[in-house]
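Undergrad: turn this into a model:
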Amino acid sequence: MPSLMHGRVPRILRGYATRHPNNRVEILDRTSTLVIEAVQRRQAEFGQHVPPPIQQGLHDEILVRDPFVVYCRHDLPLAGSESITWADLAGHDLIMLGGSSGNRLLMEAQLSLSGIEVKTKFVVGSFSSAVGLASEGLGMASLGESLVENLRLISRRFRWWPRSSTGRSR
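TA: Below is the predicted model of the structure:
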């Protein structure tokens, strides 16, 4: 789950790397479907995914509960609300994750239970794309609470500055 790579997993890996400094860890940042395939093909020893995909022959265990929150820019209409419900999202531009995301299935189920029609403005393949679009005011993204909280923490803990010219740019 790429969203867990913004907080929980790096903290766990920091401790692991301290205890086992010579070990190499390869992280396959993939959608839930691709994570399950990697484990089935023995490309990975274990994987983290969003339920509900339960697969024959694999052991599933819930490790984390991470409620959805709405992430949007401060100048959008719902930004000043103390709290919002799924039904409050009706008629607003939403940024949704693509169909291969386990989060997409969970969000669609919640929206369906609320009985609202969703106005999806953008469909993206990653949380970072959803955050980028929402940060520009292009809609509201529904993201895991831990991801949004860790984005806040990251912005306070780090600073960045331009590198001196290397003759290369991205």
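
Undergrad: residue ranges of the helices in the protein, please?
TA: For the chain, applying DSSP state H gives helices covering 8-19, 32-40, 102-114, 127-135, 145-157.

Undergrad: list the buried residues in the fourth one.
TA: Read that as helix 127-135. 127, 129-131, 133-134 (16 or more other CB atoms under 10 Å). Glycine gets a C-beta too; all of them are placed from N, C-alpha and C.

Undergrad: hang on, the earlier thing: redo the helices of the chain as JSON lines? Include mean pLDDT and distance to Ile84.
TA: Shown next, in JSON lines, are the helices of the chain (pLDDT from 0 to 100; distance: least, CB to CB, whole Å):
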{"stretch": "helix 8-19", "mean pLDDT": "87", "distance to Ile84": "25"}
{"stretch": "helix 32-40", "mean pLDDT": "82", "distance to Ile84": "26"}
{"stretch": "helix 102-114", "mean pLDDT": "77", "distance to Ile84": "11"}
{"stretch": "helix 127-135", "mean pLDDT": "88", "distance to Ile84": "14"}
{"stretch": "helix 145-157", "mean pLDDT": "71", "distance to Ile84": "14"}
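
Undergrad: which one, of those, ends up nearest to Val25?
TA: In terms of CB to CB, the element of the helices of the chain nearest to Val25 is helix 8-19, at 6.6 Å.

Undergrad: circling back to that earlier point, let me know the closest of the buried residues of helix 127-135 to Val118.
TA: So of those, ranked by how close each gets to Val118 (CB to CB), first place is Ala130, at 14.5 Å.

Undergrad: what's the pLDDT at Asp53?
TA: No, residue 53 isn't Asp; it's Pro. pLDDT for Pro53: 56.

Undergrad: could you do Ser81 as well?
TA: pLDDT at Ser81 comes out at 90.

Undergrad: tally of neighbours for the nearest residue to it once chain neighbours are set aside?
TA: Nearest non-adjacent residue to Ser81, counting by CB to CB, 6 or more residues apart in numbering: Asp88, 7.3 Å away. Residues within reach of Asp88, counting by other CB atoms under 10 Å, total 15.
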